[in-house]
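Asks: model the structure of this input:
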Amino acid sequence: MTLTRGILRHLFRLTAIAILAVCAAQPAFSSQEPKAVLRYNLGGTQSWVPYGYFGDPDRPGIFAEVIELILQRTGDPYQFYYYPPKRAGKAFKEGRLDLDFMSPSWFKNGDMGDEYVTTTTIFSLTEYVVTLPDNASRYSKPECIEGKRVGTVAGYNYYDEDKFTRVDFLSESALVEGLKKRRFDMVILEGITAQYWANVYKVPISLASVHSQGGIVIRIRKQLSYLLPEFNSAIEALKREGKIEKILQSYDGI
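Replies: The predicted structure follows:
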């Protein structure tokens, strides 16, 4: 995917700030081994408003702002990539990305795999079974989707995906558009995201039932588990200082 000049400028600015911050923190002649450059996928899906990077360099999305604060606090140099979800998942498994935001609630039994470690919880997030209003009563419980066709985002994890038929689309916006066109009866989306795209497409929706609810953490490749103490310390400090909450509040109402 080709990045706009504005996005490129933003990525270069963030990377330059991170590298300069690390250089400033190091003595001129340090005997320490240089820190590894951490690779993070900034993109994900552009339409996961307000979490993913959705094209505005001044409001890059919750995940982008949070990861920048954390990495500036830890002093680790980093490099952003811009992959769609499915490609990002492949890159992560192949060791070409180091960090991503995840929730154990998206995985069966909360198990993300032995090859990863996770930080402390950063904030909570709720995903819903989203329908048109005339279908809401049919899906008042999450188990009502079992055996049904459900609109999902390609590359995303769903803890109960073995119990329904995934109908994969490339983005959250495409899911809401598909719901409007009745290509399926329900989709799984975070509530703010669903309402944002419902407003864009001028379609009434209902958050029929909670599908998953849990804490958002940073998943890290196990080879980098030595990062956990400094990441957890940074996260707890940012939460204590109210900076995480400030970011979340800044996206209220998008």
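Asks: and for residue 53, the neighbour number?
Replies: Per other CB atoms under 10 Å, the neighbour tally for residue 53 reads 26. The C-beta positions use only the backbone N, C-alpha and C, and glycine is treated the same way.
Asks: what about the longest strand along the chain, average pLDDT?
Replies: Criterion DSSP state E: the longest strand present in the chain is strand 206-221. Summarised as a single mean, pLDDT over strand 206-221 is 96.
Asks: partner strands of it, parallel or antiparallel?
Replies: Note on strand 206-221: by DSSP bridges, its sheet partners are strand 99-102 (antiparallel), strand 116-118 (antiparallel), strand 123-131 (antiparallel).
Asks: how about a markdown table for the ones you listed, with distance to residue 183, mean pLDDT and mean neighbour count added?
Replies: Shown next, in a markdown table, are the strands paired with strand 206-221 (distance: least, CB to CB, whole Å; pLDDT from 0 to 100; neighbours: other CB atoms under 10 Å):
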| stretch | distance to residue 183 | mean pLDDT | mean neighbour count |
| --- | --- | --- | --- |
| strand 99-102 | 28 | 92 | 21 |
| strand 116-118 | 34 | 95 | 18 |
| strand 123-131 | 13 | 97 | 21 |
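Asks: dump the ones you listed into CSV; add distance to residue 181 as well.
Replies: Output for those, formatted as CSV (distance: least, CB to CB, whole Å):
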stretch, distance to residue 181
strand 99-102, 30
strand 116-118, 37
strand 123-131, 14
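Asks: quick revisit: pull out the buried residues from the longest strand of the chain.
Replies: 206-209, 211-212, 214-221 (16 or more other CB atoms under 10 Å).
Asks: next helix or strand past it?
Replies: helix 228-240 (DSSP states H and E).
Asks: and the angle from the next helix or strand after that following helix to helix 228-240?
Replies: The helix or strand immediately downstream of helix 228-240 is helix 243-250, counting by DSSP H and E. Interaxial angle of helix 243-250 relative to helix 228-240 (axes from the mean of the first three to the mean of the last three CA atoms, to 10 degrees): 50 degrees.
Asks: from the middle of its chain, how far away would helix 243-250 be?
Replies: Distance, stretch centre to chain centre, for helix 243-250: 16 Å (CA atoms, centre = their mean, to the nearest Å).
Asks: let's number from 30 now, not from 1
Replies: Right, with 30 as the first residue, what we last looked at is helix 272-279.
Asks: which elements pack onto that helix?
Replies: helix 91-103, strand 152-160, helix 257-269 (3 or more CB pairs under 8 Å, 6 or more residues apart in numbering; DSSP states H and E).
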